[in-house]
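*Asks:* Have a look at this fold, sequence not included:
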């Protein structure tokens, strides 16, 4: 199945919309998304990171780390007034440029860095990206939560649902991530979210 999916591309309809028979709702119904096991939780994190961060290769997912994916709360301006919004933000690494532009100051480079976001799902907390992220952190070894070179960890072989830790100190390798990602990229909503784009709100970090 992984070999078949590795070369799969979604069909594009005449109206430019993407066609795929695999729907996100099916994954929730089949318990392929959720917190049913360490692997399912990993799959859920990768699904959200693909859907909302737009990461579609294993190399892009391997750039995630515990230091550049962070939980934040801030005040947003809405038509109804100000509101507090909790989200997960990904501060993607900035590619260093050669020549004259390479002399830009650190602050300037940080300002140019793209910031991607997953907002909390208040309408359905059981499918909230923020809550899944927080639960994942709680099941990872504390010694790794400040690492800047790893995000996806391999499940502990002997863990059970009641175990305080679900994950080992060993990162998921590229082939593992590719196998997971191939299945996720067959889901229709991945492309719908990407084509919709991110809606902006005026906000201030707390």
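*Replies:* It's in. These numbers come from a predicted model, not from an experiment.

*Asks:* mind listing the strands for the protein?
*Replies:* 11-12, 18-19, 69-78, 81-91, 115-119, 153-155, 167-171, 202-205 (DSSP state E).

*Asks:* The fifth one: partners in the sheet, and parallel or antiparallel?
*Replies:* Meaning strand 115-119. strand 81-91 (antiparallel) (DSSP bridges).

*Asks:* what about the strands of the chain, which gets the closest to residue 146?
*Replies:* Among those, the nearest to residue 146 by Cβ to Cβ is strand 69-78 (11.2 Å). Where you see a C-beta, it was placed from the backbone N, CA and C, and this is true even at glycine.

*Asks:* Buried ones in that closest one, by neighbour count?
*Replies:* Under the neighbour-count criterion of 16 or more other Cβ atoms under 10 Å, strand 69-78 has 69, 76 buried.

*Asks:* Centre of the chain to the longest helix along the chain, how far?
*Replies:* When the chain is scanned for its longest helix (criterion: DSSP state H), the result is helix 38-53. For helix 38-53, the gap between its own C-alpha mean and the chain's C-alpha mean amounts to 6 Å (Cα atoms, centre = their mean, to the nearest Å).

*Asks:* in this protein, which segments are predicted with low confidence?
*Replies:* Low-confidence segments of the chain (pLDDT under 70): 1-21, 95-114, 193-206.

*Asks:* Name the residue closest to the centre of it, please.
*Replies:* Per Cα atoms, centre = their mean, the C-alpha nearest to the average position across the chain is that of residue 49, at 1.7 Å.

*Asks:* Quick check, it in contact with residue 55.
*Replies:* Yes - Residue 49 is within contact range of residue 55, at 5.4 Å (criterion: Cβ atoms under 8 Å).

*Asks:* Can you work out which residues contact both of these two?
*Replies:* Residues touching both residue 49 and residue 55 (Cβ atoms under 8 Å, 6 or more residues apart in numbering): 61, 64.

*Asks:* what ranges do the helices span in the chain?
*Replies:* In the chain, the helices defined using DSSP H lie at 2-6, 24-29, 38-53, 58-61, 106-112, 129-138, 174-184, 188-196.

*Asks:* among those, which is the most enclosed?
*Replies:* Most buried of the helices of the chain, by mean neighbour count (mean count of other Cβ atoms under 10 Å): helix 38-53, with a mean of 21.

*Asks:* Touching it from outside, list them.
*Replies:* Contacts of helix 38-53 (Cβ under 8 Å, 6+ apart): 24, 27, 31-35, 55-56, 61, 64, 90, 116-118, 129, 132-133, 135-136, 139, 152, 155-156, 159, 166-167, 172, 177, 180-181, 184-185, 187, 189-190, 193.
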